[in-house]
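K.L.:
Kindly return the folded structure for what I paste below:
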Amino acid sequence: MNALFIGLAYLCGSIPFGLLVTRAAAGKDVRQVGSGNIGATNVARAAGRPAAIATLLLDALKGLAPVLIAARFGDASQPLLAPACAVAAVIGHCFPVWLRFRGGKGVATGLGVSLALAPWAALAGGVTWLTLYLLLRISSVGSLAGVAVSLAVASVTGSRPALYGLAAVALIILLRHTGNIRRLLSHTGS
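P.N.:
Numbering: from 1, shown residues only. Just a heads-up that it's a prediction; the model follows:
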């Protein structure tokens, strides 16, 4: 039964909302624009701010929903089920089967799973991202700082299983941002 919840979380996470929203809003393939990423930042480049906001919300929802469903309907004696679904949803976004395993960086989906596992941590991470993005206009800086702050707040406000799940999600997001980190360190932008 747990494998079913985890598999469904992966499939939910793998829905390429950035691709679908960009096609609907602008008739473009977001993978052929800017960074080629299917996330909200690149959707903004390809189809504008409203499409990016829709993508961000849908990508967060596809992380939130399977974790809440697993927490509500899964085996209550398995405290790691919801965090495992969180990780599966983010992996689905980053490596969607429908797009030959070439997806996004997991930030918005990570926000959704954080909302389900540790809401205060999600709020702190979201505020951090927004503040740094408004100040610097570099999404990856805000994303990475938001993930770090979210994890720190989860260590104080979340359960131990939630912290484990969010630590795994943070690691995935960090690994997906290695190219951005290299560019930032070499001062060539993000």
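
K.L.:
Give the other helices and strands that the least confident helix or strand in the chain by mean pLDDT contacts.
P.N.:
Least confident element among the helices and strands of the chain, by mean pLDDT, DSSP states H and E: helix 178-185 (a mean of 89). If contacts are counted by 3 or more C-beta pairs under 8 Å, 6 or more residues apart in numbering; DSSP states H and E, helix 178-185 sits against helix 139-157. Backbone N, C-alpha and C define where each C-beta goes, glycine included.

K.L.:
any idea of the mean pLDDT for the helix it packs on?
P.N.:
Mean per-residue pLDDT for helix 139-157: 96.

K.L.:
which strands and helices sit next to that helix?
P.N.:
Against helix 139-157 (3+ C-beta pairs under 8 Å, 6+ apart) you get helix 107-117, helix 119-136, helix 160-176, helix 178-185.

K.L.:
just how off-centre is the shortest one within its chain?
P.N.:
Spelled out, that is helix 178-185. 18 Å (C-alpha atoms, centre = their mean, to the nearest Å).

K.L.:
In that helix, which residues are buried?
P.N.:
Across helix 178-185, burial judged by 16 or more other C-beta atoms under 10 Å covers 180, 184.

K.L.:
Report the inter-axis angle for it versus helix 139-157.
P.N.:
Interaxial angle of helix 178-185 relative to helix 139-157 (axes from the mean of the first three to the mean of the last three C-alpha atoms, to 10 degrees): 110 degrees.

K.L.:
again with the third one
P.N.:
Using the same axes, to 10 degrees, the inter-axis angle of helix 160-176 relative to helix 139-157 is 160 degrees.

K.L.:
same check, this time on the first one
P.N.:
Interaxial angle of helix 107-117 relative to helix 139-157 (the same axes, to 10 degrees): 10 degrees.

K.L.:
correct me, but residue 176 touches residue 109?
P.N.:
No: with contact defined as C-beta atoms under 8 Å, residue 176 does not reach residue 109; the gap is 10.9 Å.

K.L.:
These two: which has the busier surroundings?
P.N.:
residue 109 (35 against 22; other C-beta atoms under 10 Å).

K.L.:
who's in contact with the more buried one?
P.N.:
By C-beta atoms under 8 Å, 6 or more residues apart in numbering, the contact set of residue 109 is 13, 59-60, 62-63, 89-90, 92-93.

K.L.:
Name the member of the residues you listed with the shortest distance to residue 166.
P.N.:
Within the contacts of residue 109, the smallest distance to residue 166 is 10.0 Å, found for residue 90 (C-beta to C-beta).

K.L.:
Tell me which residues touch residue 63, please.
P.N.:
Neighbours of residue 63 in contact, by C-beta under 8 Å, 6+ apart: 13, 86, 89-90, 93, 108-116.

K.L.:
How about it: what's its closest non-neighbour residue?
P.N.:
In space, and not counting its chain neighbours, residue 63 is closest to residue 112: 2.8 Å by C-beta to C-beta, 6 or more residues apart in numbering.
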